[in-house]
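> predicted model follows, preceded by the sequence.
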Amino acid sequence: MEFKELTTEELSQGFVRTNDGDLVCIFCGERFQEGVIYNSEGRMVTAERAVKEHIEDVHQGVFFSLIDLDKQINGLSDSQKEILTGMYLEKDNKEMSEELDISPATVRTHKFNIQKMKREAKILLAILEQIENENLAAERKKIRESGNNIINKTRELHNLDRQFTGNSLHPFFTQFILK
Ligand SMILES: [Zn+2]
């Protein structure tokens, strides 16, 4: 199974649903068959419950499975992994700074950079969606073909937006730049 082909939803739940409804753990490939009742520690559970318990028991949960991936795959440095683990375990900045032997200011900087990476990752996903999503491409084509009036209006609006970019952008883009 190629990791890059998984959706963010599949990555965060730790399993994929195959075409025939089976559930497959993304970390080891174990398959849980839809409609089969599984025995988990003496209880009868569904395939979905069984795969979730499998991920917790065998892989220590989705968080640690993803964070422990090689830097080549998740792109995270050792310090970023330490900070994220601290956040996951609900440690405060002071606890983290003592445990990692760094200043609280450095902890805050790491956290700030992680949030920055998150925003950038979202923008990249949205950009790639424009390139790769065939439905969006078809929709754009339809809008372009639906008459000159609309095109001109769209251009007008677009130019208007550009003039007022600084004021009209959603705070998602500006909250950290304008500080
Ligand atoms: Zn597994």
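That came through, no problem.
> close to the ion: what parts of the chain are there?
Proximity of the chain to the ion (Cβ under 5 Å from the ion) is limited to residues 25, 27-28, 30. (Each C-beta comes from the backbone N, C-alpha and C, glycine too.)
> scan those and report the most crowded one.
With neighbours set by other Cβ atoms under 10 Å, the maximum within these is found at C25, which has 20 neighbours.
> that residue and V16: what is the separation?
9 Å (Cβ to Cβ, to the nearest Å).
> returning to that earlier point: among the residues of the chain next to the ion, which are in strands?
Assignment to strands by DSSP state E places the following of the residues of the chain next to the ion there: C25.
> just the closest of the residues of the chain next to the ion to V58, please.
The nearest member of the residues of the chain next to the ion to V58, counting by Cβ to Cβ, is C28 at 7.0 Å.
> and the chain, what are its domains?
The chain breaks down by automatic domain parsing into domains covering 3-67, 76-132, 136-179.
> may I see those arranged in CSV, with mean pLDDT as well?
CSV is the format used below for these (pLDDT from 0 to 100):
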stretch, mean pLDDT
domain 3-67, 92
domain 76-132, 95
domain 136-179, 69
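> list the buried residues in stretch 28-35.
For stretch 28-35, burial by neighbour count (16 or more other Cβ atoms under 10 Å) applies to F32.
> also stretch 52-60?
When neighbours are counted by 16+ other Cβ under 10 Å, the buried residues of stretch 52-60 are found to be 52-55, 59.
> CA atoms of it as PDB?
Once side chains and other backbone atoms are set aside, the C-alpha atoms of stretch 52-60 remain, and they are given as PDB (Å, rounded to 0.1, in the frame of the first residue of the first chain):
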ATOM      1  CA  LYS A  52      -9.700   0.500  15.900                       C
ATOM      2  CA  GLU A  53      -8.800  -1.800  18.900                       C
ATOM      3  CA  HIS A  54      -6.100  -3.400  16.700                       C
ATOM      4  CA  ILE A  55      -4.500   0.000  16.000                       C
ATOM      5  CA  GLU A  56      -4.500   0.900  19.700                       C
ATOM      6  CA  ASP A  57      -3.200  -2.500  21.000                       C
ATOM      7  CA  VAL A  58      -0.700  -3.400  18.300                       C
ATOM      8  CA  HIS A  59       0.500   0.100  17.100                       C
ATOM      9  CA  GLN A  60       0.000   2.200  20.300                       C
END
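> all helices for the chain, in order.
Counting by DSSP state H, the chain has these helices, from start to end: 8-13, 47-59, 61-67, 71-74, 78-88, 93-100, 104-132, 134-145, 148-163, 165-168, 171-174.
> just checking, what packs against the second one?
Packed against helix 47-59, as judged by 3 or more Cβ pairs under 8 Å, 6 or more residues apart in numbering; DSSP states H and E, are the following elements: strand 15-17, strand 23-25, strand 31-32, strand 38-40, helix 61-67.
> noted, bye for now.
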